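*Asks:* Have a look at this fold, sequence not included:
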Ligand SMILES: NC(=O)c1ccc[n+]([C@@H]2O[C@H](COP(=O)([O-])OP(=O)(O)OC[C@H]3O[C@@H](n4cnc5c(N)ncnc54)[C@H](O)[C@@H]3O)[C@@H](O)[C@H]2O)c1
Ligand SMILES: O=C(O)[C@H](O)CO
């Protein structure tokens, strides 16, 4: 059956993530196949423009579909005044870069995220920080720089209770990765009805303080939005057992960082691992830099040699769904800023699908001197 043609106005897709030529070709091939598909009402060609970060502010007003993550300031008022934009496919899981009030209020703009797409990498990063804290890698690394051979007691993961705040794509992958470690996993989520088997108890978001009180290690995997800004602070850290560990792989401003610094300085917390901080880059004056109980990574949880390939596969799958009128994977509730688990790309198992156009070009160059930002 031929569907009605609501897509005549879609003429230009603007990309703003670190694509190479073959990724753009993969998107163009997908669009070309759609124009050949008699069941999909796309009878004209669509231009695909790679704006990069350098030209995104200039080109956003010309986009009918925007795919990417603007890391530079963009004039959203100007872009929205052009009244062309209909769909934002974020190449990031976090949508704080594009869920501005005008986008949220606009009835015709749909937004989908990359939620869960980089969950294996974020889970590995979480493990790196967690193991580093327990096995005191920070302390021994400082000693290496002296150099000094010191031996100190270390801690065990086995037998601990791990609390995950926000059981979305990342939280679920972390819980899965914890399975063989003989730990008890507790979690809170906005949708506490969808409890996976690896989580012993899934509580509603409001029980966050109970989670902090029960866990030896708390891992933060919440989105940043108006409701979650600074939602973790002195009250939650005080609720933790003395000697607890805190890990943030979500967004810095979800945490009141001054309260975290105080909880570490008092010795109440044994350590913290932060991949994200309230201000990025973390200012040289931050006490987090000098605290020997802190491990810091520079927001690299989702960096991966697979990242751009995987993102482009999701983009192509969602382009097919968009033009077929099917529900988008990871379409978010714009007021909440995250998708329901039922449309999650990872939870729905779609991440296992390989796009027919997939470039499958994961290369493995030495990363030693590689300075690219893969997001
Ligand atoms: N460190 C990194 O490099 C990195 C990488 C990817 C994502 N992130 C951040 O992590 C966040 C989570 O990523 P994801 O892919 O798991 O997203 P997601 O949208 O799949 O999951 C977010 C989950 O948080 C839950 N949630 C929302 N508000 C809550 C609250 N107040 N209490 C408890 N649960 C709540 C939602 O129900 C959802 O299940 C992103 O929004 C992004 O900001 C960071
Ligand atoms: O939200 C994300 O996907 C990561 O933080 C990297 O942008």
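*Replies:* Good, I have the coordinates. None of these values were measured; they are calculated from a predicted model. Ligands and ions are numbered 1, 2, ... in the order given.
*Asks:* and the gap between residue 270 and ligand 2?
*Replies:* 26 Å (Cβ to the nearest ligand atom, to the nearest Å). (Glycine included, C-beta is placed from N, CA and C.)
*Asks:* That residue belongs to a strand?
*Replies:* Yes - judged by DSSP: H, G, I helix; E, B strand; the rest coil, residue 270 forms part of a strand.
*Asks:* Quick check: chain neighbours aside, which residue is closest to it?
*Replies:* Leaving aside its sequence neighbours, residue 270 sits nearest to residue 243 (Cβ to Cβ, 6 or more residues apart in numbering; 4.6 Å).
*Asks:* Please give me every residue in contact with that neighbour.
*Replies:* 216, 269-270 (Cβ atoms under 8 Å, 6 or more residues apart in numbering).
*Asks:* do the same with residue 71
*Replies:* 53, 97.
*Asks:* OK, contacts around residue 202?
*Replies:* 167, 186-189, 192, 194-196.
*Asks:* Okay, and it sits in which element?
*Replies:* strand 201-204 (DSSP states H and E).
*Asks:* neighbouring strands for that strand, and are they parallel or not?
*Replies:* According to DSSP bridges, strand 201-204 forms sheet pairs with strand 184-189 (parallel).
*Asks:* can you list the residues that contact the strand it pairs with?
*Replies:* 160-168, 171, 175, 178, 198-205, 207-208, 211, 214-215.
*Asks:* Now, those residues that are in helices?
*Replies:* 171, 175, 208, 211, 214 (DSSP state H).
*Asks:* Near the fourth one, how many other residues are there?
*Replies:* Residue 211 sits with 22 neighbouring residues when counted by other Cβ atoms under 10 Å.
*Asks:* doesn't residue 219 make contact with it?
*Replies:* No - between residue 211 and residue 219 there is no contact under Cβ atoms under 8 Å: 10.3 Å.
*Asks:* Pull up the overlap in contacts between these two.
*Replies:* Contact criterion Cβ under 8 Å, 6+ apart; residues shared by residue 211 and residue 219: 163, 165.
*Asks:* returning to that earlier point: I'd like the ones in helices among the contacts of strand 184-189 laid out as TSV, including distance to ligand 2 and pLDDT.
*Replies:* Formatted as TSV, the ones in helices among the contacts of strand 184-189 follow (distance: Cβ to the nearest ligand atom, whole Å; pLDDT from 0 to 100):
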residue	distance to ligand 2	pLDDT
171	14	97
175	19	98
208	21	98
211	22	98
214	27	98
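*Asks:* Kindly indicate the member of the residues you listed with the most neighbours.
*Replies:* Top of the ones in helices among the contacts of strand 184-189 by neighbour count (other Cβ under 10 Å): residue 171, with 30 neighbours.
*Asks:* Run a quick neighbour tally on residue 44.
*Replies:* 11.
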